[in-house]
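Engineer: dropping the sequence and predicted coords here.
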Protein chains: 2
Amino acid sequence: MQKEQVNELLNRLIASKKGPEALREACQELHPASLADWLEETEITQITHILGILENGYRADVFSHLDSEVQHEVAEILDFDTMVNLVMNMGHDDRVDLLRVLDEALSERVIRSLARAERDDILRLSDYQEGTAGAVMTSDYAWVGTGTSVREALKKIKQEAPDKETIYNLYVLDSDQKLVGLLSLKDLLLASLNDKIEDLMHADVISVLASDSQQKATELLSKYDLIAIPAVDEHGRLQGIITFDDAMDVAEEEATEDFHKLGSTGLGKMSLREAGIATMILKRSPWLLVLVFMNIFSGAGIAYFEDTIEAVVALVFFLPLLIDSGGNAGSQSATLMVRALATGDVRMRDWFGLLGKEVIIALGIGIMMALAVSVIGYYRVGPEVAVVVSSTMILIVLFGSLVGMSLPFGLQKFNFDPATASAPLVTSLADIGGVLIYFSIATWYLGIGLG
Amino acid sequence: MQKEQVNELLNRLIASKKGPEALREACQELHPASLADWLEETEITQITHILGILENGYRADVFSHLDSEVQHEVAEILDFDTMVNLVMNMGHDDRVDLLRVLDEALSERVIRSLARAERDDILRLSDYQEGTAGAVMTSDYAWVGTGTSVREALKKIKQEAPDKETIYNLYVLDSDQKLVGLLSLKDLLLASLNDKIEDLMHADVISVLASDSQQKATELLSKYDLIAIPAVDEHGRLQGIITFDDAMDVAEEEATEDFHKLGSTGLGKMSLREAGIATMILKRSPWLLVLVFMNIFSGAGIAYFEDTIEAVVALVFFLPLLIDSGGNAGSQSATLMVRALATGDVRMRDWFGLLGKEVIIALGIGIMMALAVSVIGYYRVGPEVAVVVSSTMILIVLFGSLVGMSLPFGLQKFNFDPATASAPLVTSLADIGGVLIYFSIATWYLGIGLG
């Protein structure tokens, strides 16, 4: 159903003041995410009222789809029993995220009201550091022991299905909780009921360590087309699974983070909508200030060549053009490398091979740009300046490209994020080099003595 | 299994010259993607040999995981019958992709050897334009008619499972092939065998038109956490489904494309590894050349203020710093907006509100940067230049930020891709504005008459 239709339907129902049954029935026909969308645009009291009339499982699904800010607001005014019920019915990963944003007192009170097993599970999951696979995994996976038959496994799945994040992957654990195999529900359905799980299972399970990065988990899940990827501890014991939908969210966050780094925005994974004015100023300015101070070097370079400039002021006409060209060529290379490293298209060991390739490409591009700029130089000032400007162009493009392509590798080599090789940083570096190259060539070729 | 272990295992097996059965067994224990990884690094004759000994279904899976270049090479030398068998066993979406890259003659010969139904299916799927949901969807979905019982549906799923891309979503079609409902396999397993599909199904199915963009399909799939999203025609008839793994690939390609646009690389969705030297030069240079010609305007601006520069050469020291700062602040804003528009975090109608916010943010950032640069200006040259440089800084940062934030909206408004508001483009625009602002203020404040 389209968003407009959902709006109309629900607003009409509420206006008609029918009983809660009619409203509940209409709501529960919708996808939980559609209802969450609609709720986010209504009053907070309306949200708690609607949540109150829904069935437990569906209510938890809807709540999980609300923005974390709205979740927070709702949690503050929801009655305590409904709150506890909600937490019990939420996905094990989602409820950890919720408890993390709640006020500490409320969060502790909720946790204390839960059964021992649930409490331990929450504490265990919240123990993983942000950015690790453990921090996005959920512990409500479906599993069986090694000795089970297909008939028993199917029975277990049916019983537990309502509480599991996914039942389409069934993990096989030995008596030490070690992950020894994997079966899809499809495998199970196609097998005969008396088959043994051990004979059917795939023993070569693709998994990550719970302490591995979320990025690694997402890459493997995507590469092997998995519905979920299991995360184990150092002894191979199953700790949780990361489902494809959470992996998609992680991938989007990672891409956003790389974007923001490449643009030096300082915002990390934060979305534009979440960031307030003060945050934006505080996060965006440090990089810009660092770049201001870096630019002092290009200023100092120019100061050193003051005599050259006084002798031929026309050289200044070409200054923005030349240093921009170096920066632009460098940003291109940096963008290509950052993205290629992020998607695994290119690896650290490829640097040397790519360097040679980049030199040829940069020379090709530089020569074309030199031809363009020599025409401008010739008609604006004269043949001598045209020679200076066009030979500078080739060297500047080469310099910028090599800085742009090497910086991401260098950063990765020293365990920094390659995406920190931002366009503005590359531009500033290319500027410093550009100023020195330009005025050195000019001073030498035009035969100007330095004071 | 780790890549090194796979290498060792297979190399040892091949060296030991055991029969094809041992090799087949070892291979089929691996995930198809792992075997494909290994094959890609061996000789082409080795690839065809190994593919030849695998079972039909598994062989098709492995082949689907090979790079499209390698697929092409293999297809050229594989014997024709194996080739036809391969195509028959591949996913309906993957085989269309394969046939698209094959030589036309071979592709036609393969298609002619298929059964009528398969042939029609291939022709129908290959009919959709690149970039549409139709071009990535597959037609091997599981479906039942409205009158079916749970028992019948489960039986049908079991029979057809080996040929279906996913059996975890079951689509309910009426007698006109219209999509009227959806059931998950989980719903089916939890229902009692005599229940009617119509009573169980969710009637509010999230779907796209096959002619909609892939991006829309991916966004909805991700938002609603779907394993697959169905694509229908304008009459609501089911045409195919897009599974989460294909949607993840699409999302990654879209992000790569946005990255490349933002860096003006001209490479689109192309990966760095796929692009040859000549392609790189041809794709990367046009944008750089356009920017060279745009920069003529900043050169012209400088030429207009030649007298000012001759009077106070020290002004040139601050030129790169000031115009870079405008460009950097502008790239930040552009990056934030491009990404926010791509993820749906911000919509067209938000522009005006964001404009006011951006003015305040830019002034805050500009004032901080002005303070930094005034110190440098004061000690390097003197109080007068410090005033000029710092007031210029505020205006330049404001100008750059507004250009950077507005350009993506403007592009989207006129149906261009907002990501075309690349960092280099914003930098060049900020430069032109920066040169004019800087020397205008300098000329006026320092009281220099223009010639």
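Structural biologist: Noted; the coordinates are in hand.
Engineer: every contact and neighbour count from this point should use C-alpha atoms.
Structural biologist: Will do.
Engineer: what sits against the spatially most central residue of chain A?
Structural biologist: In chain A, the C-alpha closest to the average C-alpha coordinate belongs to A:E254, at a distance of 1.4 Å (Cα atoms, centre = their mean). Taking Cα atoms under 8 Å, 6 or more residues apart in numbering or on different chains, we find A:E254 in contact with A:215, A:269.
Engineer: how far out from the middle of the chain is whichever strand or helix holds it?
Structural biologist: Taking DSSP states H and E as the criterion, A:E254 maps to helix A:244-262. Centroid separation for helix A:244-262 versus its chain: 2 Å, with Cα atoms, centre = their mean, to the nearest Å.
Engineer: all helices for the stretch 1-150 of chain A, in order.
Structural biologist: Here the stretch 1-150 of chain A has its helices, by DSSP state H, counting those that start in this stretch, at A:3-15, A:20-29, A:32-40, A:44-53, A:56-65, A:68-77, A:80-89, A:92-101, A:104-112, A:116-125, A:150-160.
Engineer: for these, give me a markdown table that also has mean pLDDT and mean neighbour count.
Structural biologist: Output for those, formatted as a markdown table (pLDDT from 0 to 100; neighbours: other Cα atoms under 10 Å in any protein chain shown):
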| stretch | mean pLDDT | mean neighbour count |
| --- | --- | --- |
| helix A:3-15 | 82 | 13 |
| helix A:20-29 | 87 | 15 |
| helix A:32-40 | 91 | 19 |
| helix A:44-53 | 90 | 16 |
| helix A:56-65 | 92 | 20 |
| helix A:68-77 | 89 | 16 |
| helix A:80-89 | 91 | 18 |
| helix A:92-101 | 90 | 19 |
| helix A:104-112 | 91 | 14 |
| helix A:116-125 | 91 | 14 |
| helix A:150-160 | 94 | 17 |
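Engineer: so which of the ones you listed gets nearest A:S139?
Structural biologist: helix A:92-101 (6.0 Å; Cα to Cα).
Engineer: that closest one packs against which elements?
Structural biologist: If you count contacts as 3 or more Cα pairs under 8 Å, 6 or more residues apart in numbering or on different chains; DSSP states H and E, helix A:92-101 packs onto helix A:68-77, helix A:116-125.
Engineer: dump these to CSV, plus distance to B:D199.
Structural biologist: CSV is the format used below for the helices and strands packed on helix A:92-101 (distance: least, Cα to Cα, whole Å):
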stretch, distance to B:D199
helix A:68-77, 33
helix A:116-125, 34
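Engineer: just to revisit the earlier point, just the buried residues of the helix holding A:E254, please?
Structural biologist: For helix A:244-262, burial by neighbour count (16 or more other Cα atoms under 10 Å in any protein chain shown) applies to A:244-248, A:250-262.
Engineer: kindly report the same for stretch A:363-383.
Structural biologist: For stretch A:363-383, using 16+ other Cα under 10 Å, the buried residues are A:363-374, A:376-377, A:380.
Engineer: same for chain B: which of the residues you listed are within range?
Structural biologist: Contacts with chain B within those, counted by Cα under 8 Å from any Cα of the partner chain: A:364-365, A:368-369, A:372-373.
Engineer: can you tell me which strand in chain A is longest?
Structural biologist: strand A:166-173 (DSSP state E).
Engineer: do that one and chain B meet?
Structural biologist: Yes: Strand A:166-173 is in contact with chain B by Cα under 8 Å from any Cα, via A:167-168.
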